[in-house]
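Engineer: structure, please.
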Amino acid sequence: MAAPAPATSARRKRIVLLGATGSIGENTLRVVAAHPDRLELVGIAARGNWEKLAAIAHRFGVRHVGLFDDTAFAAARASAASYPPGTTIVGGLAGLVELAQLPEADVVLVAVVGTTGLEPALAALAAGKDLALASKEILVLAGTFVMAAARRQGVRLLPVDSEHNAVFQCLQGHPGAAVRRIVLTASGGAFRDWPADKLRDATPADALKHPNWSMGPKITVDSATLANKGLELIEARWLFDLRPEQCQAVLHPQSIVHCLVEFADGAMLSHLSPPSMTFPIQHALLHPERVPGPDLGLDLSKSFGLEFRPVDEDRFPMLRLARQTMTAGGVASAIYNAANEVAVARFLAGRIPFLAIPRVVEHTLGRISNFEPADLPAVRAVDAEARRLAETLA
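Structural biologist: Below is the predicted model of the structure:
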């Protein structure tokens, strides 16, 4: 990971936010609004909610907006008067790439669902922008190529996921050779305390009742299967240049401790904050500066407990499968991610039961040969193949 560089100017840091209308986007807007003297939003994009995007553009005075969905892009263009005068509206993947390379931008925060953010992320790196990553699928799909691009350009990769941002903070000032392992915490999702035999009857509505976090549907289901933690372990391997066996997970129902880092001497550092995404987002955008944020920290005048449980990988097979793909290397993690996206979409649509999600992923992994990709087109081809196969299994 590229070494952090201190701020060199008193001017506001200029942000492009891809995924402005989702849960990460909404929390980012809260952070930007809390620091108008430090942060400036210069570009925003969404998948399809062009009306909400117009409201954001007015609120923050943004003149560059993008809609990924073609229908939404056409609607936005037809209703250009809904945006501030002089607004440039771009569409599709090419539009996201264009926003990621805005000359005036300092940081591009990628918070789009799935692998859509890969091309814009690489474009931002190629343009010399710091990249704030909230879309873990980008490194899962193409970690080798993204990390190489960041090193080549000498720019920073700033983790936005709460767990990775916590690890990033705990590692400051410590050489990589001193790290024995990192432990990411998992809430356990909506079904953490359900009897195992009840899971076969779990509905999408049940899965979306996360006990701690307010997130989008896909990531909330991933929290219930622990696929989200599996993806985070894979991402952590790339972000922090770790071996697969150094990346572990533990159940922590309170979602207050976001990681533990164990060093060679056996000592551990942990990172604590309330379960709000404003904390990691602000740290990533203002790093290395620390100032008060939009949410209050922990109230130690009130009693609370911190509980940790080992993960039962028979109950959470998606974590086991993720660990296997880390060990296998090659394109295995890309296959895992693609099959999971398909299976989760089918579950949310009511087409497969909850317990079929890991079965679809495991069968897809077993039917596609693993190999070490030479370039990004090879990774994209495997991603497409895995999606096609998973569609037939789900």
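Engineer: can you give me the pLDDT of residue 4?
Structural biologist: Per-residue confidence (pLDDT) for residue 4: 44.
Engineer: name the residues of the strand or helix carrying residue 318 that are buried.
Structural biologist: In the assignment (DSSP states H and E), residue 318 maps to helix 317-328. Applying a neighbour-count criterion of 16 or more other C-beta atoms under 10 Å, one finds 317, 318, 319, 320, 321, 322, 323, 324, 325, 326 buried in helix 317-328. From N, CA and C alone the C-beta is placed, and that goes for glycine too.
Engineer: just these now: which is nearest residue 52?
Structural biologist: Nearest to residue 52 among these, counting by C-beta to C-beta, is residue 318 at 31.7 Å.
Engineer: show me what contacts that closest one?
Structural biologist: By C-beta atoms under 8 Å, 6 or more residues apart in numbering, the contact list for residue 318 reads 222, 225, 226, 227, 230, 340, 357, 358, 361.
Engineer: from these, which land in helices?
Structural biologist: Counting by DSSP state H, the contacts of residue 318 place 222, 225, 227, 230, 340, 357, 358, 361 in helices.
Engineer: re earlier: quick check, nearest of the buried residues of helix 317-328 to residue 186?
Structural biologist: Comparing every one of the buried residues of helix 317-328 with residue 186 (C-beta to C-beta), the shortest separation belongs to residue 319, at 8.1 Å.
Engineer: show me what contacts the closest one?
Structural biologist: So residue 319 contacts 226, 227, 229, 230, 233, 249, 311, 313 (C-beta under 8 Å, 6+ apart).
Engineer: quick one, grab the pLDDT at the residue lying closest to it once chain neighbours are set aside.
Structural biologist: With sequence-adjacent residues excluded and distances taken as C-beta to C-beta, 6 or more residues apart in numbering, residue 319 is closest to residue 226, at 4.5 Å. Confidence at residue 226, expressed as pLDDT, is 95.
Engineer: what's near enough to touch residue 226?
Structural biologist: 186, 188, 189, 249, 311, 316, 318, 319.
Engineer: how about the residues you listed in TSV, adding distance to residue 31?
Structural biologist: Formatted as TSV, those follow (distance: C-beta to C-beta, whole Å):
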residue	distance to residue 31
186	25
188	27
189	25
249	27
311	31
316	32
318	31
319	30
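Engineer: between the residues you listed, which has the most around it?
Structural biologist: The most crowded member of the contacts of residue 226, judged by other C-beta atoms under 10 Å, is residue 189 (27 neighbours).
Engineer: that residue against residue 223, yeah?
Structural biologist: Yes - contact criterion C-beta atoms under 8 Å: residue 189 and residue 223 qualify, at 3.8 Å.
Engineer: name the residues contacting each of the two.
Structural biologist: residue 210.
Engineer: domain assignment for this structure?
Structural biologist: Domain segmentation of the chain under automatic domain parsing yields 13-160, 163-274+298-321, 329-394.
Engineer: so which of those gets nearest residue 287?
Structural biologist: domain 13-160 (6.2 Å).
Engineer: what helix or strand is residue 97 located in?
Structural biologist: Per DSSP H and E: helix 92-100 holds residue 97.
Engineer: which strands and helices lie in contact with that helix?
Structural biologist: Here helix 92-100 touches strand 13-18, strand 39-46, strand 64-67, helix 70-78, strand 88-91, strand 107-110, helix 118-126, going by 3 or more C-beta pairs under 8 Å, 6 or more residues apart in numbering; DSSP states H and E.
Engineer: residue 258 is nearest to which of those?
Structural biologist: Nearest to residue 258, of these and by C-beta to C-beta, is strand 107-110 at 18.7 Å.
Engineer: partners of the closest one, with directions?
Structural biologist: strand 13-18 (parallel), strand 130-133 (parallel) (DSSP bridges).
Engineer: output it in PDB with nothing but the alpha carbons.
Structural biologist: These are the backbone C-alpha positions of strand 107-110, laid out as PDB (Å, rounded to 0.1, in the frame of the first residue of the first chain):
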ATOM      1  CA  VAL A 107      -9.800  11.900  -4.300                       C
ATOM      2  CA  VAL A 108     -12.300   9.500  -6.000                       C
ATOM      3  CA  LEU A 109     -14.500   7.600  -3.600                       C
ATOM      4  CA  VAL A 110     -15.800   4.400  -5.300                       C
END
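Engineer: list of residues touching it?
Structural biologist: 13-19, 24, 28, 99-100, 117, 120-121, 124, 129-135, 138, 158, 160, 281, 284-285.
Engineer: equivalent analysis for stretch 21-32, please.
Structural biologist: Contacts for stretch 21-32 (C-beta under 8 Å, 6+ apart): 15, 17, 19-20, 39-41, 44, 46-47, 49, 52-53, 56, 59-60, 109, 111-113, 134, 160, 214-216, 276-278, 281-282, 285, 293-294.
Engineer: give me that answer again for 6 Å
Structural biologist: Defining contact as C-beta atoms under 6 Å, 6 or more residues apart in numbering, one finds that stretch 21-32 is touched by 17, 19, 39, 41, 46, 49, 52, 111, 134, 215-216, 277-278, 281-282, 294.
Engineer: how about the ones in helices among the contacts of residue 318 in CSV, adding neighbour count and distance to residue 196?
Structural biologist: As requested, those are exported to CSV (neighbours: other C-beta atoms under 10 Å; distance: C-beta to C-beta, whole Å):
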residue, neighbour count, distance to residue 196
222, 25, 19
225, 27, 13
227, 29, 17
230, 31, 19
340, 30, 20
357, 26, 15
358, 21, 13
361, 32, 19
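Engineer: all helices of the stretch 101-250 of the chain, in order?
Structural biologist: 118-126, 137-153, 162-171, 204-207, 217-225, 227-239 (DSSP state H, counting those that start in this stretch).
Engineer: avg pLDDT for the first one?
Structural biologist: Looking back up the chat, that one is helix 118-126. Mean predicted lDDT for helix 118-126 stands at 96.
Engineer: quick one: that helix to strand 39-46, angle?
Structural biologist: 150 degrees (axes from the mean of the first three to the mean of the last three C-alpha atoms, to 10 degrees).
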